[in-house]
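[1] my questions are about this predicted structure, shown below with the sequence.
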2 protein chains.
Amino acid sequence: MSAATLFRTRGYHGVGLADLLADANAPKGSLYHHFPNGKSDLALAAATWASDEMLRLIAASFDGADSFEDGATTLCYKLAKLFDLTGWDTCPIAATLFEGPDNTLFRDHAEHIYEGWIAEVHDHAARLGLSEEAAHAKAEHLFILIQGGWSLARARRSSDILRGLIKRNDT
Amino acid sequence: MSAATLFRTRGYHGVGLADLLADANAPKGSLYHHFPNGKSDLALAAATWASDEMLRLIAASFDGADSFEDGATTLCYKLAKLFDLTGWDTCPIAATLFEGPDNTLFRDHAEHIYEGWIAEVHDHAARLGLSEEAAHAKAEHLFILIQGGWSLARARRSSDILRGLIKRNDT
DNA sequence: TCGCGAATAGACCGATTGGTCTAGAGACTT
DNA sequence: AAGTCTCTAGACCAATCGGTCTATTCGCGA
């Protein structure tokens, strides 16, 4: 979805319908046929799409991992590479969902997506032998590290911090 | 500055000049007298103002602290209280600066502000006896934890995570 | 009391915003 | 071949956007 990129790089209110449509080579009519509620529907869909990509990234990182730290580290490295490729823009969810017009709906969706990421990490942690409690704590902690690290990386326009996220003190 | 609040809660593109002016009870003329470049100047100023508030918060947290962990913990608690008061909106810098029109200028300002926060924490860490290297690492790490924790708190509309940020694993 | 610069006040502007609506193209069934 | 859907295409709209401009008021030194 090209819309997802637009939303991610410029934020919900930062993109106009005109840009969205031009970028997707689609006229207004098509948009409002597929997304009756227009821009907001599109934003929700773009966020879900971005979230699925992230879930795949998590799975790919943990699938061949021997330990939780192992998987977490390769996830950080993958994200660093992604950061370099896309050119330091925000977490797609935050950019797309935390500004929307219908706050309740958007916030619910954002929370659901974030919890989905944490749950995915949690499952891998549990599979790798961690206790339920430890898995929960580590998954949440990893989310925080990545989210915060990404902010700093963005401000510095450098993915370096992302790569040192795990080592520093054993997750 | 009331403008800072608006920018924080709705993002740079989310607020219109009309809202800004109505909220500040000032007409267009005054704005463009004090801020020749209009909205963007205002945003920069609002960000600086918000940053100063944060610096004060950091100083207040570490001033009476016996150890780094001590100061860091009270900072997290202060932020949690702030979170509850303001009603879960973004980091003011991110909301205001990471969407602006003149990207280079805005990004430079954002980086400068963030580094200022880290430097402030760093100084307190050094004062409390940490080595230069340790102080740097801990300051950076605390920034990441807070930034990431705040994101999660926002998604969950609950300040709980912020309070557990330090304890979990000794910073 | 006058004069002058700083600041306020808001009418006004073209461009752009998100959204609606009508017309027609395309594909599929019968 | 006719009829009936889904979907595309874009003209069009009121509202709002950020910004400019002129007129007026305010504060203060002379």
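    Happy to help now that I have it.
[2] please count neighbours and contacts with C-alpha atoms only from this point.
    Noted.
[3] poorly predicted segments of chain A, please.
    Regions of chain A meeting the criterion pLDDT under 70 cover residues A:1, A:168-171.
[4] the same query, at a cut-off of 50, please.
    A:168-171 (pLDDT under 50).
[5] which residues of it lie near chain B?
    Counting by Cα under 8 Å from any Cα of the partner chain, chain A comes close to chain B at A:10-11, A:13-14, A:99, A:107-108, A:110-111, A:114, A:143-149, A:151-152, A:155-156.
[6] so of those residues, which ones are in helices?
    By the criterion of DSSP state H, membership of the residues of chain A next to chain B in helices covers A:10, A:107-108, A:110-111, A:114, A:143-149, A:151-152, A:155-156.
[7] residue A:93 - how many residues pack around it?
    When neighbours are counted by other Cα atoms under 10 Å in any protein chain shown, residue A:93 registers 26.
[8] quick check: it vs DNA strand D, distance?
    22 Å (Cα to the nearest atom of the strand, to the nearest Å).
[9] the residue of chain A found nearest chain B: what's it in contact with?
    In chain A, the residue that lies nearest chain B is residue A:148 (3.8 Å; Cα to the nearest Cα). By Cα atoms under 8 Å, 6 or more residues apart in numbering or on different chains, residue A:148 lies in contact with B:143, B:144, B:145, B:146, B:147, B:148, B:149.
[10] roughly how far apart are it and DNA strand D?
    For residue A:148 relative to DNA strand D (Cα to the nearest atom of the strand), the value is 28 Å.
[11] nearest spatial neighbour of that residue, skipping sequence neighbours?
    residue B:148 (3.8 Å; Cα to Cα, 6 or more residues apart in numbering or on different chains).
[12] any chance you could map the helices in chain A?
    A:2-10, A:17-24, A:28-34, A:39-63, A:68-86, A:92-97, A:103-127, A:132-156, A:160-163.
[13] out of those helices, which one sits most buried?
    helix A:92-97 (a mean of 26; mean count of other Cα atoms under 10 Å in any protein chain shown).
[14] from the chain's centroid, how far away is that one?
    8 Å (Cα atoms, centre = their mean, to the nearest Å).
[15] repeat for stretch A:44-55
    The answer for stretch A:44-55 is 7 Å, by Cα atoms, centre = their mean.
[16] that one near DNA strand C at all?
    No. Stretch A:44-55 stays clear of DNA strand C (Cα under 7 Å from any atom of the strand), getting no nearer than 12.3 Å.
[17] residues contacting that stretch, please?
    A:1, A:3-4, A:7, A:92-93, A:96-97, A:106, A:109, A:113, A:117, A:120.
[18] which of those sit farthest apart?
    A:3 and A:120 (25.1 Å; Cα to Cα).
[19] contacting residues for residue A:91?
    A:8, A:147, A:150.
[20] list just the nearest of those residues to DNA strand D.
    Minimum distance to DNA strand D across these is 19.4 Å, recorded for residue A:8 (Cα to the nearest atom of the strand).
[21] that closest one and residue B:91, how far apart?
    Computed with Cα to Cα, to the nearest Å, the distance linking residue A:8 and residue B:91 is 17 Å.
[22] and if you look at residue A:23?
    30 Å.
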